[in-house]
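Peer 1: Let me see the structure of the following:
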Amino acid sequence: MANANLNRKAAEFMRGRNGADELAVCAGLLALVLAIVDVFARQVWLTVVVVLLVAYAVFRIVSPDVAARRKENEAVMERLGPARLWLRNPPAALKESREYKHARCPRCNQVVRVPRGKGLVRVTCPRCGEKFELRS
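Peer 2: Numbers count the residues shown, from 1 in each chain. Modelled structure (predicted):
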């Protein structure tokens with residue numbers, strides 16, 4: 001009974017809050033990796049960085065300003081570009097990179113994917129209709 005009550009209170013607390021977005025998860029994972037390194041390195045500055053990263057991740061998760069956190073998350077993910085797929089799902093990204101080659105349309109910069117191992121292929125951009133050739 002107490003566990004259900006705790007779950008309900010936690011759900012009520014998180015209602016209207018940001019939750020764990022990609023940036024918060026990245027900050028948390030980076031903090032975990034640095035904490036493991038800190039166990040062996042034993043550097044005070046590294047401990048401070050770990051604590052700050054954890055605090056930043058928790059701040060993002062419980063922040064009630066969802067619009068601002070979403071805007072920050074999109075700005076960072078936009079800068080990361082191709083690494084974004086790796087951050088979201090590393091096993092799927094590895095499989096994707098083995099099976100497909102990614103290229104940009106010379107006209108509109110839309111990313112298109114082409115199956116690997118097909119030689120010279122003619123690609124039509126789904127956004128602007130530009131036709132171009134590339135090696136897969």
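Peer 1: What ranges does the chain have for its helices?
Peer 2: 2-14, 22-41, 44-62, 66-80, 83-88, 90-99 (DSSP state H).
Peer 1: how about the shortest one: buried residues?
Peer 2: It stands for helix 83-88. residue 85 (16 or more other C-beta atoms under 10 Å). Where C-beta positions appear, they are placed from N, C-alpha and C, glycine not excepted.
Peer 1: Report the mean confidence score over that helix.
Peer 2: For helix 83-88, mean pLDDT rounds to 74.
Peer 1: now stretch 54-71
Peer 2: 95.
Peer 1: Could you give me the buried positions within it?
Peer 2: 54, 56-57, 60-61, 63, 69.
Peer 1: before we move on, what about stretch 23-40?
Peer 2: Those would be 23-24, 26-28, 30-31, 34-35, 38, for stretch 23-40 by 16+ other C-beta under 10 Å.
Peer 1: Which one of those residues is nearest to residue 115?
Peer 2: Nearest to residue 115, judged by C-beta to C-beta, of the buried residues of stretch 23-40 is residue 26 at 30.2 Å.
Peer 1: Surely the closest one and residue 84 touch.
Peer 2: No: at 10.5 Å, residue 26 does not count as touching residue 84 under the criterion of C-beta atoms under 8 Å.
Peer 1: and of the helices of the chain, who's closest to residue 135?
Peer 2: So among these, helix 90-99 is nearest, using C-beta to C-beta, at 15.7 Å.
Peer 1: And the buried residues of stretch 54-71, which two are furthest apart?
Peer 2: Top of the distance list for the buried residues of stretch 54-71 (C-beta to C-beta): 54 and 69, 16.6 Å.
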